[in-house]
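*Asks:* Build me a model from this:
(one chain, ligands or ions: 2)
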Amino acid sequence: MKKAVHFGAGNIGRGFIGEILNQNGFEVTFVDVNSTVIDALNARHAYEIGIASPEHEKIAISNVSGINNKENPEAVVEAIAAADMVTTAIGPNILPFIAELCAKGIQARRSAGNTAALDFAACENMIGGTAFLFEKVSEYLTAEDQAFVERYIGFPNAAVDRIVPGQHHEDPLYVEVEPFHEWVIDESQMKSELRLEGVHYATDLEPFIERKLFSVNSGHATVAYNSAYKGYKTILEGLQHEEILAALKAVQSETRALLLAKWGKYFTAESLVEYHDVIISRFANPEIVDDVTRVGRTPIRKLGYDERFIRPIRELKERGLGYAAHLDVVGKIFAYDDKEDPQSVELQEKLTSSALTDVIKEVTGVTDETLIEEIKSVVKKYAK
Ligand SMILES: NC(=O)C1=CN([C@@H]2O[C@H](COP(=O)(O)OP(=O)(O)OC[C@H]3O[C@@H](n4cnc5c(N)ncnc54)[C@H](O)[C@@H]3O)[C@@H](O)[C@H]2O)C=CC1
Ligand SMILES: O=P(O)(O)OC[C@H]1O[C@](O)(CO)[C@@H](O)[C@@H]1O
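*Replies:* Numbering: from 1, shown residues only. Ligands and ions are numbered 1, 2, ... in the order given. Okay, the predicted model is just below:
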């Protein structure tokens, strides 16, 4: 049986990556710091996924186990040494913390003379997520290890799309997911010959990951921050408000203009409208209760230079295209106040203790003075 190691036994890990790996006949070892989940995986070696649709289909997942990387890092190294595939879904901020273990796993393969090709795929909401992981892993590799990686280990970028909301069930392993799913891996960066059913292999990931990130993630975040601003608790509640739906459609329209300008070879205006309409219906799935706080989590990350708002704004501006709808959401992200979210607390503290221009520069990385002034004006407009 083929073996996969997956970092992050959370929502997307169990609710999507685990399903695809299981359907492809893999034995999956989940690596996580959550001992409740890891203990349950080792006790049952199985779990269930529920599909959030009127039919409420259930999918049984088997041949799974877990390792707590805090308590048993050596077991993770051994698992990577014997793996046929390694994936992650732990959040972009956490990737640096697993880099050393990944490097040790690679070194263990090299010491054991295991020259079977292996790919690492980071399945995070991030452009160049696996490349970022590789950069961090490289910090722990010697020149000899690097030569080994060059021959046998691939770090293909990937994009995953499935809405898996926060889970509140008695069973810590049960996970409810939307029916839609899409997993794309950049085949040109792979070393292994393994190809999975249910994964789309592309040689040009960039247009597809940008379409996904700037449509699903920018769109969802637009609904979340607008909903938070108006005091709604769930995405579905917020979407009932016509101004919020209009804000989403305005962001989508700017996104289409950018995607067509950059990637007109891949997409038509009609196909993008269809893609965006499907996304609205996914956000409005009545079977899913998705908290605004989940979709709005980590606002400092989401205000990043290459993230879902600042990057499209920069790229639209460079092309002389409109970006008012994106900019409006940026104002509401700065106003986002969730006492349970450490980044939201940090952002609000920065706003009270430092000059606004400095906070904008630090958080967004923007240096264009005109844009900084525009951001300042929306931040002031929505400051509470
Ligand atoms: N939930 C969703 O709908 C989607 C999420 N994603 C991406 O997948 C990633 C994970 O998201 P979710 O599954 O929603 O989050 P989650 O919070 O449910 O899962 C993350 C898991 O990582 C674990 N973790 C945290 N620090 C760790 C460490 N140092 N070592 C090992 N495990 C650690 C947590 O305990 C948790 O189980 C994010 O990058 C997200 O953007 C991508 C597409 C869809
Ligand atoms: O995981 P992040 O980057 O915090 O953003 C949450 C996002 O995850 C998703 O659930 C799936 O991509 C989106 O719907 C949402 O925008």
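
*Asks:* For ligand 1, what is the nearest residue in the protein?
*Replies:* The minimum distance from the chain to ligand 1, using Cβ to the nearest ligand atom, falls at Gly10 (1.8 Å). In this view, the C-beta of every residue, glycine as well, is placed from N, C-alpha and C.

*Asks:* Other residues contacting stretch 334-347?
*Replies:* 225, 228-229, 293, 296-301, 303, 348, 351, 359, 363, 378-379, 382-384 (Cβ atoms under 8 Å, 6 or more residues apart in numbering).

*Asks:* before we move on, the earlier item: run through the residues that contact the nearest residue to the residue of the chain closest to ligand 1 once chain neighbours are set aside.
*Replies:* Among residues not flanking Gly10 along the chain, Ala89 sits closest, at 6.7 Å (Cβ to Cβ, 6 or more residues apart in numbering). Counting by Cβ under 8 Å, 6+ apart, Ala89 touches His6, Phe7, Gly8, Gly10, Ile12, Gly13, Phe16, Ile17, Cys123, Glu124, Val160.

*Asks:* give me that answer again for 6 Å
*Replies:* With contacts defined as Cβ atoms under 6 Å, 6 or more residues apart in numbering, Ala89 is in contact with Gly8, Ile12, Gly13, Ile17, Cys123.

*Asks:* just curious, which of the residues you listed is nearest to ligand 2?
*Replies:* Taking Cβ to the nearest ligand atom as the measure, ligand 2 sits nearest to Ile12 out of the contacts of Ala89, at 7.3 Å.

*Asks:* ok, the closest one touching Val164?
*Replies:* Yes. Counting by Cβ atoms under 6 Å, Ile12 does reach Val164; the two are 5.3 Å apart.

*Asks:* Quick check: Pro165 vs ligand 2, distance?
*Replies:* In this view, Pro165 and ligand 2 are 7 Å apart by Cβ to the nearest ligand atom, to the nearest Å.

*Asks:* For the spatially most central residue of the chain, which three-state class applies?
*Replies:* Centroid-nearest residue in the chain: Asn125, 2.1 Å away (criterion: Cα atoms, centre = their mean). Three-state call for Asn125 (DSSP: H, G, I helix; E, B strand; the rest coil): coil.

*Asks:* How about it: what's its closest non-neighbour residue?
*Replies:* Leaving aside its sequence neighbours, Asn125 sits nearest to Asn217 (Cβ to Cβ, 6+ apart; 5.5 Å).

*Asks:* Need the three-state assignment for the one you found.
*Replies:* Following three-state DSSP, the label given to Asn217 is helix.

*Asks:* what's the spacing between it and Ile279?
*Replies:* According to Cβ to Cβ, to the nearest Å, Asn217 and Ile279 sit 10 Å apart.

*Asks:* try Gln240
*Replies:* Taken as Cβ to Cβ, the span from Gln240 to Ile279 is 17 Å.

*Asks:* Settle it for me: which of the two has more neighbours?
*Replies:* Shown here are Gln240 and Ile279; by other Cβ atoms under 10 Å, Ile279 has more neighbours (20 against 12).

*Asks:* so which helix or strand takes in Pro179?
*Replies:* Under the criterion DSSP states H and E, no helix or strand holds Pro179.

*Asks:* Got phi/psi on the residue nearest to it when sequence neighbours are not counted?
*Replies:* Nearest non-adjacent residue to Pro179, counting by Cβ to Cβ, 6+ apart: Ser53, 5.0 Å away. Here is the backbone geometry of Ser53 (degrees, to the nearest 10): phi -140, psi 170.

*Asks:* And for Ser53, the neighbour number?
*Replies:* Going by other Cβ under 10 Å, the residues that sit close to Ser53 add up to 14.

*Asks:* returning to that earlier point: would you confirm that the residue nearest to Asn125 contacts Glu124?
*Replies:* No. Counting by Cβ under 6 Å, Asn217 stays clear of Glu124, with 10.9 Å between them.
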